[in-house]
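1. Coordinates for the following, if possible.
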Amino acid sequence: MAGMFRTVSRLRTGYAPEDVDEFFDHAREVYENGTAGDLSGDDVRLAAFDLVRGGYSTGAVDAALDRLEAAFVARSRAQNVATFGQQAWMSHLAEQARSLYGRLGRPERQRFAPAQSGHLGYDMDDVDTLCQRLTAYFDHGAPLTAHEIRSATFRRRHGAKGYAEGPVDAFCARAIEVLLGVE
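-> Predicted coordinates for the structure are as follows:
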């Protein structure tokens, strides 16, 4: 049986096909027959697969995960609006957006904790530039999509010259969730 995605050469690593196929089969079953609460956009975003030689192309799988996450968020939004109304959904999104403002209001180079000494972190200027784009989105309606945040890349910096990765990743995940909620 052919797999769901193209594979990389046996000399390169990709996602373990069995794990990916199992996850996508489960997601399809939940989407077609379950309720949105059985699998969420967060669950899709947090999906992780082992790397194996000759596995599925990570780029192809990641792109499919992005589309799947958007589908689950859209379904959750539709169910929430049908049950509680559009205003309740918008209030929920506004509350999530407010949770981002604490970081956005901080001075540049102080928005997140620095990386630990001897560890790699994200370039502060790169992260701050993304934060400025988010501020412009929230305050002035400047164009920005969840995909742009998801695909943002940050140069690497050592120790105090970079932001710790965990808090930045969590912040970006919340921002993606908010933007997907209105897209």
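2. Write down the beta-bridge partners of residue 52, one by one.
-> residue 14 (DSSP bridges).
3. Counting neighbours, which bits of stretch 42-51 end up buried?
-> Residues of stretch 42-51 classed as buried: 43, 44, 45, 47, 49 (neighbour count, 16 or more other C-beta atoms under 10 Å). Bear in mind the C-beta positions are built from the backbone N, C-alpha and C, glycine included.
4. Pipe those into TSV and attach secondary structure per row.
-> Shown next, in TSV, are these (DSSP: H, G, I helix; E, B strand; the rest coil):
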residue	secondary structure
43	helix
44	helix
45	helix
47	coil
49	coil
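5. Lowest-confidence one in the residues you listed?
-> Across the set of the buried residues of stretch 42-51, residue 45 stands lowest in pLDDT, at 86.
6. Tell me if I'm right that it and residue 69 touch.
-> Yes: assessed by C-beta atoms under 8 Å, residue 45 is found in contact with residue 69 at 5.4 Å.
7. how is the chain carved up into domains?
-> What automatic domain parsing lists as the domains of the chain is 1-84, 86-183.
8. Residue 56 reaches residue 18, doesn't it?
-> No: with contact defined as C-beta under 8 Å, residue 56 does not count as touching residue 18 (10.0 Å).
9. Who has more neighbours out of the two?
-> Higher neighbour count among residue 56 and residue 18: residue 56, with 26 against 14, using other C-beta atoms under 10 Å.
10. Name the residues linked to that one by a beta bridge.
-> Applying DSSP bridges, one finds that residue 56 bridges with residue 7, residue 15.
11. Just list the residues touching it, thanks.
-> Counting by C-beta atoms under 8 Å, 6 or more residues apart in numbering, residue 56 touches 3, 4, 5, 6, 7, 8, 14, 15, 16, 17, 20.
12. residues near the fifth one, how many?
-> What it means is residue 7. Neighbours of residue 7 (other C-beta under 10 Å): 18.
13. before we move on, what about residue 33?
-> Neighbours around residue 33, by other C-beta under 10 Å: 8.
14. How much space separates it from residue 99?
-> 33 Å (C-beta to C-beta, to the nearest Å).
15. ok, now residue 165?
-> For residue 165, the distance to residue 99 - C-beta to C-beta - is 19 Å.
16. swap in residue 18?
-> 37 Å.
17. And what about residue 157, helix, strand or coil?
-> Classified using three-state DSSP, residue 157 is strand.
18. From what I see, it and residue 126 are in contact.
-> No: taking contacts as C-beta under 8 Å, residue 157 lies outside contact range of residue 126: 9.0 Å.
19. circling back: ok, and the most crowded of the contacts of residue 56?
-> residue 15 (26 neighbours).
20. next structured bit after the longest helix belonging to the chain?
-> Counting by DSSP state H, the longest helix found in the chain is helix 58-84. Per DSSP states H and E, the first helix or strand lying C-terminal to helix 58-84 is helix 86-104.
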